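> build me a model:
(2 chains)
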Protein chains: 2
Amino acid sequence: MKAEILTIGDELLRGEIVDSNKSFLGERLLDYDVECRFQTSVGDVPADMIDAFRRAVSRSDVVLVSGGLGPTRDDLTIEVLAETFGRELVLDEASLEVIREFFQRVGREMAENNAKQAWFPRDAEVLANPIGTAPGCALALGPEDTGAGESIVFCMPGVPRELYRMMDEQVLPRIARRRAGASGSLFVRAAVLRTFGVGESSLDADLKDVARDEDVELGFRTSFPDNALRPLARATTADAAEARVAEMVVALRERLGPVLYSETDETLEVVVGRLLAEQGRTLACAESCTGGLLAEKLTRVPGSSGYFLGGVVAYSNEAKQSLLGVPAEMLETHGAVSNEVALAMAEGARDRFGADHAVSTTGISGPDGGSDEKPVGLVSIAIAGPEGSHVDQFVFPLDRERHRQLVVQVGLDWVRRSLLGHELVGPSLLRQRGGGSAPGR
Amino acid sequence: MKAEILTIGDELLRGEIVDSNKSFLGERLLDYDVECRFQTSVGDVPADMIDAFRRAVSRSDVVLVSGGLGPTRDDLTIEVLAETFGRELVLDEASLEVIREFFQRVGREMAENNAKQAWFPRDAEVLANPIGTAPGCALALGPEDTGAGESIVFCMPGVPRELYRMMDEQVLPRIARRRAGASGSLFVRAAVLRTFGVGESSLDADLKDVARDEDVELGFRTSFPDNALRPLARATTADAAEARVAEMVVALRERLGPVLYSETDETLEVVVGRLLAEQGRTLACAESCTGGLLAEKLTRVPGSSGYFLGGVVAYSNEAKQSLLGVPAEMLETHGAVSNEVALAMAEGARDRFGADHAVSTTGISGPDGGSDEKPVGLVSIAIAGPEGSHVDQFVFPLDRERHRQLVVQVGLDWVRRSLLGHELVGPSLLRQRGGGSAPGR
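Numbers count the residues shown, from 1 in each chain, chains lettered A, B, ... in the order given. All right, here's what the predicted structure looks like:
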């Protein structure tokens, strides 16, 4: 089964946005063992779209289209699809009703052009979009349409979150059903293991031999600052494929130790939240250089109010003193970016919020503010808890955004490691300037 | 002059990496007024590559190819290009020497397959790669090759930094020279106007007539919760195109009023930061439901420590009392999600941080925690400043993530509106539950 991806929109060709939908779709196809052979992008130009549709269905069994389903004049995907394959547009009353209800629910008036989104090519199957106004559709084509074999075109919204959901809930099950009808298809199973603290090339070198056999693969996926591993197995039955993946997971778990933080593709903040909830512990934070990112990540998780009490973003020295109780003379003697201040911030947050654990960050994320003694990238990270406090200093030579992300991830990882009784270490490949631990109070 | 982009590599189709080269190339083409009509990606498969090359040169004046120039077996771009257009491969002695020197300089031995990178199709022009081992090449083709008009294929490395440099130093000057020779080509100019508070379909309906003429276009780009407008003009001279865009910007500015927040594609937090710095004012925040996102957005901006003093993430009621001074009886009487508490939080943050302005958020981002009286989506947002305080309550029926994003954007927008003396309104299309203003202290 061969697939191709067609994304539509002038903004893609003009380079205004990076088209991450393509990589998402390619990856999800691979999960279902469907090979993607071509990716094409065209602008909102009917002639180019017609050309792209014709060519795609003539060479691919499945065509995934994203974009151009909106209510505006330059959203032309459905109209042009209907025109290309000689189908008239018909109104889908059910979709119109859903769109009307959507606007009612959000308390907005439905603009007239929103009704346009309820028209589809005759014979197309409508695909629900529970989180947006633009439904998608699936149009199955025969040799008389394609000039070759059978093909099916799936049209999805360009808005990533709507696309992701429609792909997973509506499109992939249909692809799986179509493939089940085809012969000789293999069962594929995969898992995602998330790790933090070791670089991709080290993981690759260390774990190579886990996927020596023909029927398994070990893929790597970097999503800074994490690295995920993707063991995948092919077999003639679903059970056999699942068993092979499970074997690889056991081997990887043993090799990775505490570097592995999730076997179910959870984020680190979800894992930390679950551990805190399970152990009945609470957390607070005190942030300087990370500017609220640590609190923001923790509170992305629904239900985080059960264990996260809050945080202070102490960007100014005055705030470090008045809101966290860091002594003025400590700030003067050691500077805001120091292990002493980081410890005082963590302990201050723990006290003020009455939390079991508290994490703090203070550093120079750049691009300005560095000196010879304290270069851009320098950061002190501390954690305080019932078992004591720990602080360490690092230099992460990264841009502002990635510096903040990595610092937050180290902080979260230290909470996880504390709760599990693991050693508090930083990312293996980065310079560590040294810190220490103190017993609990 | 029409261009298209062809990127080559199995990793692109598998979705292992997001192909940002395409958006870079598309953007740089637009800077040179060259329209990009198609983007295609194919794997390291000779038949698919031949197909893609043939098609590209038959419909485009310029074809930009990236990837497949490396020394390994699956790097096939140059060989397949030569085969497609019947050119033999010839050794470029100068390139071989440069590659040899490169390895000498970095103190590594040159592997035999690196010599492969010095072979090019006869008649191709070699493009220097000063920061990598793979030179690029430009192959000019005539009607006998393309079956259509003249075309030129530029092959560049897939490594982004090498590609960026080769595009700017080698490829764009050659494109400009070719275009200078062509007749009747149009100049294109565009602007990006960022707006907040009005939906895309309303903007489209309201502004339709601004782009009535043939030579101009008005594009829309939604990046939740903002909407950007992209007025674009084509003319026979660069000056004329610029003047047309400027005319549209003037018309749009007048129509949009305070809804327009940037004419230079800046984010709202950058605009707010600039206004605060210009007016010598400082800001603090107190967040409940947004959990740190407001502080995090403000501190994404380098130099934000000059005007942002800090914030409190008061997720628990105790934190609202102890860190922001919200009275316990107020929390009991009105509940944490109320206009009273939002006002007390903003005023508390203003006091504690000694800031000129402070913004607060308290709401129910969901998915749980709602009731009949206080449904999921409810939020109170307040701002306190030297001119007084203001609070309003909204129901945003959005998922957790988007709820937080919209709430933060309203808060930032209120800071902007306060500093510019505009009315403090919420997003126009969302249900507003009512609030009020109080004079300053």
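
> could you give the angle of the one helix or strand A:Leu25 maps to to helix B:20-31?
Using DSSP states H and E, A:Leu25 falls within helix A:20-31. In terms of direction (axes from the mean of the first three to the mean of the last three C-alpha atoms, to 10 degrees), helix A:20-31 departs from helix B:20-31 by 150 degrees.

> what residues of helix A:20-31 count as buried?
A:21-31 (16 or more other C-beta atoms under 10 Å in any protein chain shown). Yep, even glycine has a C-beta here, placed from its N, CA and C like the rest.

> okay, now the closest residue in space to A:Gln170 that isn't next to it in sequence: neighbour count?
Nearest residue to A:Gln170 in three dimensions, chain neighbours excluded: A:Leu127, at 4.2 Å (C-beta to C-beta, 6 or more residues apart in numbering or on different chains). Burial of A:Leu127 is recorded as 21 neighbouring residues (other C-beta atoms under 10 Å in any protein chain shown).

> let me see the contact set for A:Leu127.
A:135-138, A:154-156, A:166, A:170-171 (C-beta atoms under 8 Å, 6 or more residues apart in numbering or on different chains).

> where does the stretch 51-200 of chain A come near chain B, residue by residue?
Contact residues, the stretch 51-200 of chain A versus chain B (C-beta under 8 Å from any C-beta of the partner chain): A:52, A:70-74, A:105-109, A:111-114, A:131, A:159.

> how about the helices of the stretch 201-350 of chain A, start to end?
For the stretch 201-350 of chain A, the helices defined by DSSP state H, counting those that start in this stretch occupy A:238-256, A:268-279, A:293-299, A:317-324, A:328-334, A:339-353.

> what mean pLDDT does the helix holding A:Leu25 get?
For helix A:20-31, mean pLDDT rounds to 88.

> rewinding a little: which stretch among the helices of the stretch 201-350 of chain A comes nearest B:Asn339?
Distance to B:Asn339, taken as C-beta to C-beta, is lowest for helix A:293-299 among those, at 22.0 Å.

> how far does that closest one sit from the chain's center?
Its chain's average C-alpha position is 15 Å from that of helix A:293-299, according to C-alpha atoms, centre = their mean, to the nearest Å.

> also stretch A:160-171?
14 Å.

> and for stretch A:37-52?
28 Å.

> check stretch A:355-372 too.
With C-alpha atoms, centre = their mean as the basis, stretch A:355-372 stands 25 Å off its chain's centre.

> what comes up buried for that stretch?
A:355-366, A:369.

> so which of the residues you listed reach chain B?
A:366, A:369.

> top helix in chain A by residue count?
helix A:400-420 (DSSP state H).

> CA atoms only: put that helix into PDB for me.
Extracted as PDB, the C-alpha positions of helix A:400-420 are listed here (Å, rounded to 0.1, in the frame of the first residue of the first chain):
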ATOM      1  CA  ARG A 400      17.600  31.300  25.100                       C
ATOM      2  CA  GLU A 401      14.600  29.100  24.300                       C
ATOM      3  CA  ARG A 402      16.400  25.700  24.400                       C
ATOM      4  CA  HIS A 403      18.400  26.800  27.500                       C
ATOM      5  CA  ARG A 404      15.100  27.400  29.300                       C
ATOM      6  CA  GLN A 405      13.600  24.100  28.100                       C
ATOM      7  CA  LEU A 406      16.700  22.100  29.200                       C
ATOM      8  CA  VAL A 407      16.800  23.700  32.600                       C
ATOM      9  CA  VAL A 408      13.100  23.000  33.200                       C
ATOM     10  CA  GLN A 409      13.600  19.400  32.200                       C
ATOM     11  CA  VAL A 410      16.500  18.900  34.600                       C
ATOM     12  CA  GLY A 411      14.300  20.300  37.400                       C
ATOM     13  CA  LEU A 412      11.400  18.000  36.500                       C
ATOM     14  CA  ASP A 413      13.800  15.100  36.200                       C
ATOM     15  CA  TRP A 414      15.200  15.800  39.700                       C
ATOM     16  CA  VAL A 415      11.700  15.700  41.200                       C
ATOM     17  CA  ARG A 416      11.100  12.300  39.500                       C
ATOM     18  CA  ARG A 417      14.500  11.000  40.600                       C
ATOM     19  CA  SER A 418      13.900  12.200  44.200                       C
ATOM     20  CA  LEU A 419      10.600  10.500  44.300                       C
ATOM     21  CA  LEU A 420      12.000   7.300  43.000                       C
END
